[in-house]
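J.: here is my input, please return the structure:
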Amino acid sequence: MEKTYRKEIRGAANWSIALSILMMATGCIALFAPAITGLAVTLMFGWLLIVSGVLHLVYAWYAERPGGVIWEILLGVFNAAIGVYLLTKPVLGLEALTLALALYLVAASAVEFVIAYELRPLAGSGWLVFDGIVTLLMAVFIGSGWPASSTFAIGTLVAVNIFFSGFTRLMMSIAVKHVVAVA
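T.: Alright, predicted model coming up:
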């Protein structure tokens, strides 16, 4: 029974290692074209907001209370309108998303620090602190150059974040394999 459990953990760790390497490769590719990456993120976010808006409108149809219907319609129209704006004015949308990304990175680094604190007795948890520090540094970098740096910053920061997230997961996966091998 225990051999099967260890084999499953090793298999999951191997998949995690493979996916981590793919994340790192994706980050490297995105780093070579930061403006394209930034515009792609803006356009993708625009489409996601449009889909979200449509889903809110559909949900409004099923809401039971009149207040719920009104709020769902308002949210649907608001999300769809912002999505259309991002698709029609991607450069200005990129500037807005760049500022939003800086705020997100601050929050993400705080979460990484909290998770690292909670997992501090486990092997590899220091890598979460490393990831949190890198993420916080990216937030400071993007905030200090905004809005002039929006053209390249969001693509560069997304690429670096993808790379270091993959690197962190790689190190954690290797640590898991090591713990299983030693146990």
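J.: now do the contacts for the nearest residue to Ala30 once chain neighbours are set aside.
T.: What sits nearest to Ala30 in space, not counting adjacent residues and going by Cβ to Cβ, 6 or more residues apart in numbering, is Ala159, at 3.6 Å. Backbone N, C-alpha and C define where each C-beta goes, glycine included. By Cβ atoms under 8 Å, 6 or more residues apart in numbering, Ala159 lies in contact with Gly27, Cys28, Ile29, Ala30, Leu31, Pro34, Thr37.
J.: check which helix or strand the last one maps to.
T.: For Thr37, the element it lies in under DSSP states H and E is helix 34-62.
J.: okay, now the closest residue to Val84 other than its chain neighbours: neighbour count?
T.: With Cβ to Cβ, 6+ apart as the measure, Ile50 is the residue that lies nearest to Val84, at 6.6 Å, once sequence neighbours are left out. Applying other Cβ atoms under 10 Å, we find 19 residues neighbouring Ile50.
J.: so Phe141 makes contact with Leu157?
T.: Yes - if you go by Cβ atoms under 8 Å, Phe141 and Leu157 touch, sitting 7.2 Å apart.
J.: neighbour-wise, which of these two wins?
T.: The neighbour comparison of Phe141 against Leu157 (other Cβ under 10 Å) goes to Leu157, with 26 against 17.
J.: mind listing what's buried along the one helix or strand Leu97 maps to?
T.: Taking DSSP H and E as the criterion, the element that holds Leu97 is helix 90-118. In terms of neighbour count (16 or more other Cβ atoms under 10 Å), helix 90-118 has its buried residues at 90, 93-98, 101-102, 105-106, 108-109, 112-113, 116.
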